[in-house]
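Chemist: Let me see the structure of the following:
(one chain, ligands or ions: 1)
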Amino acid sequence: MITAEREQPIGRPAAQDEPLLRVTDLRTEFRRDHADPLRAVDGVSFDVGRGRALAIVGESGSGKSVTVRSLMRVLPRTARTTDGHAMFGGRDLLALSSRAMRRVQGREISMVFQNAMEAMNPTLTLERQLTEPLIWHGICNRIDARQRAIQALGDVGIPEPERRVKVYPFQLSGGMRQRAMIAMAMITEPSLLIADEPTTAVDVTVQRQILDLLAAQKERGTGVIMITHDLGVARYFCDDAVVMYAGRVVERAPVRDLLDRPHHPYSQGLLASSVEVGGRERPLEPIPGSPPDLAHRPEGCPFRPRCAQAEDRCAEEQQLIMVSPGREAACWKATA
Ligand SMILES: Nc1ncnc2c1ncn2[C@@H]1O[C@H](COP(=O)(O)OP(=O)(O)OP(=O)(O)O)[C@@H](O)[C@H]1O
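Modeler: Predicted coordinates for the structure are as follows:
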């Protein structure tokens, strides 16, 4: 149980064979009036490798955002992470003091959001917003920071960066704002980038540009966690995937293996209901029913009420088991 924050020494450099980030048994709950807490993230584990991208997929409400916000320690006031570890550079992010965590946020780990306005301050120029993390983290002085800000805007393909650095976010088009936000996230050269639906609110052309920008970061060794509803985006950009359902990981696999041959019936349903597969091979087949109300989680496998393959033994929940090397699924029927 994580009860008190404790200052940890600056982490030792992670050994080369350790993943960039290792999350184990993460649990986060929301406080409720006159009721037991609502468990939104329930024992989630995954690794992110250097220069690799992990897709977190699942329907709305499955716990994707709460998972990454737990790691970044930016949860709503009513939420609390009760268990788990998130080892990053030899430190447990969940056990760092708030002060130590602020040194990690925006420096070693940055976030990119669906809507750039979430990440940007509408009352400050791009220059202020781009230079602030450099100055705050003591990376460089104001004059150098300005040059780096201009460079960062140019790097993400914003024309006339010397002029644009002086504008406010609302003076940019949506696509340019999204790129400016990526410049903000990358300016400190973080080793981990967390992207929460970064391409959902933009058109297809901008989507491709954003993914290519993120791919360039990956090439440089940055690890990426990408939350996405879009399995096409996952296939194009990500290496590994976890599928979440009702706050738990139900399948873990290299992304191509998952999309070519999903093992868990829920992953099969997600794929059948997505344009990625449906558009090319068959009509879309929505998963019947809706995700469980977490306040009334069904006994046994949480997907059982919606699962066409459910059997009596699903009354007992199967844990994630290895189906084949590198592949795990939480289903009695999952076989290689
Ligand atoms: N502010 C909140 N207060 C109370 N419960 C919340 C709050 N935010 C999330 N939850 C609970 O946590 C669950 C997981 O939410 P989360 O936002 O992580 O889902 P998600 O998979 O990211 O969905 P989406 O794809 O719609 O963003 C929700 O189903 C809800 O029960």
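Chemist: from here on, contacts and neighbour counts on C-alpha atoms
Modeler: Will do.
Chemist: Mind telling me which residue of the stretch 201-336 of the chain is nearest the ligand?
Modeler: Going by CA to the nearest ligand atom, the ligand is nearest to residue 294 of the stretch 201-336 of the chain, at 5.8 Å.
Chemist: Which helix in this structure has the most residues?
Modeler: When the chain is parsed with DSSP state H, its longest helix is helix 204-219.
Chemist: And the contacts of it?
Modeler: Here helix 204-219 makes contact (CA atoms under 8 Å, 6 or more residues apart in numbering) with 51, 52, 53, 156, 175, 178, 179, 198, 199, 200, 224, 237.
Chemist: export these to CSV and tack on pLDDT, secondary structure and neighbour count?
Modeler: Output for those, formatted as CSV (pLDDT from 0 to 100; DSSP: H, G, I helix; E, B strand; the rest coil; neighbours: other CA atoms under 10 Å):
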residue, pLDDT, secondary structure, neighbour count
51, 96, coil, 19
52, 96, coil, 24
53, 97, strand, 26
156, 87, coil, 22
175, 86, helix, 20
178, 88, helix, 29
179, 89, helix, 24
198, 84, coil, 24
199, 81, coil, 24
200, 78, coil, 16
224, 97, strand, 30
237, 92, helix, 22
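Chemist: residue contacts, the residue of the stretch 201-336 of the chain closest to the ligand?
Modeler: Contact partners of residue 294, counting by CA under 8 Å, 6+ apart, are 38, 39, 40, 246.
Chemist: again, but for residue 177
Modeler: Residue 177 sits next to 116, 169 when contact means CA under 8 Å, 6+ apart.
Chemist: before we move on, the earlier item: please flag which of the contacts of residue 294 sit within strands.
Modeler: By the criterion of DSSP state E, membership of the contacts of residue 294 in strands covers 38, 39, 40.
Chemist: Nearest spatial neighbour of residue 26, chain-adjacent residues omitted?
Modeler: Distances taken as CA to CA, 6 or more residues apart in numbering put residue 84 closest to residue 26, at 4.1 Å, once the chain neighbours are dropped.
Chemist: For the protein, just list every one of the helices.
Modeler: With DSSP H applied, the chain shows helices at 64-72, 98-104, 116-119, 126-136, 142-155, 161-164, 174-186, 204-219, 231-237, 255-260, 265-272, 275-281, listed in chain order.
Chemist: residues contacting the residue nearest to residue 309 when sequence neighbours are not counted?
Modeler: Using CA to CA, 6+ apart and skipping residues adjacent in sequence, the residue nearest residue 309 is residue 265, 7.3 Å away. Contacts for residue 265 (CA under 8 Å, 6+ apart) come out as 307, 309, 331.
Chemist: Excluding sequence neighbours, find me the nearest residue to residue 320.
Modeler: residue 330 (4.0 Å).
Chemist: Please read the previous query as pertaining to residue 52.
Modeler: Take residue 52 and drop its neighbours on the chain: the residue closest to it by CA to CA, 6+ apart is residue 223, 5.1 Å away.
Chemist: Kindly give the local confidence score, pLDDT, for the one you found.
Modeler: Looking at residue 223, its pLDDT reads 97.
Chemist: Quick check, it in contact with residue 195.
Modeler: No: using CA atoms under 8 Å as the test, residue 223 is too far from residue 195 to be in contact (10.7 Å).
Chemist: Please say which of those two ends up with more neighbours.
Modeler: residue 223 (26 against 23; other CA atoms under 10 Å).
Chemist: tell me which of the contacts of helix 204-219 is nearest to the ligand?
Modeler: Distances from the ligand to these, taken as CA to the nearest ligand atom, are shortest for residue 200 (10.8 Å).
Chemist: now the closest one: how far from residue 211?
Modeler: Counting by CA to CA, to the nearest Å, the gap from residue 200 to residue 211 is 11 Å.
Chemist: And residue 30, by the same measure?
Modeler: Going from residue 30 to residue 211 by CA to CA gives 33 Å.
Chemist: same check, this time on residue 101
Modeler: From residue 101 to residue 211 the distance is 28 Å (CA to CA).
Chemist: Just want to know which of the two has more residues nearby.
Modeler: For the pair residue 101 and residue 211, the greater number of neighbours falls to residue 101 (20 against 16), based on other CA under 10 Å.
Chemist: Would you confirm that residue 105 contacts residue 69?
Modeler: No: using CA under 8 Å as the test, residue 105 is too far from residue 69 to be in contact (11.4 Å).
Chemist: For this protein, which helix or strand comes out least confident on mean pLDDT?
Modeler: Here the helix or strand of the chain ranked lowest by mean pLDDT, DSSP states H and E is helix 275-281, holding a mean of 55.
Chemist: touching the ligand at all, stretch 244-253?
Modeler: No: Stretch 244-253 stays out of contact with the ligand when judged by CA under 6 Å from any ligand atom, the minimum separation being 6.7 Å.
Chemist: what does the stretch 151-300 of the chain put close to the ligand?
Modeler: Contact residues, the stretch 151-300 of the chain versus the ligand (CA under 6 Å from any ligand atom): residue 294.
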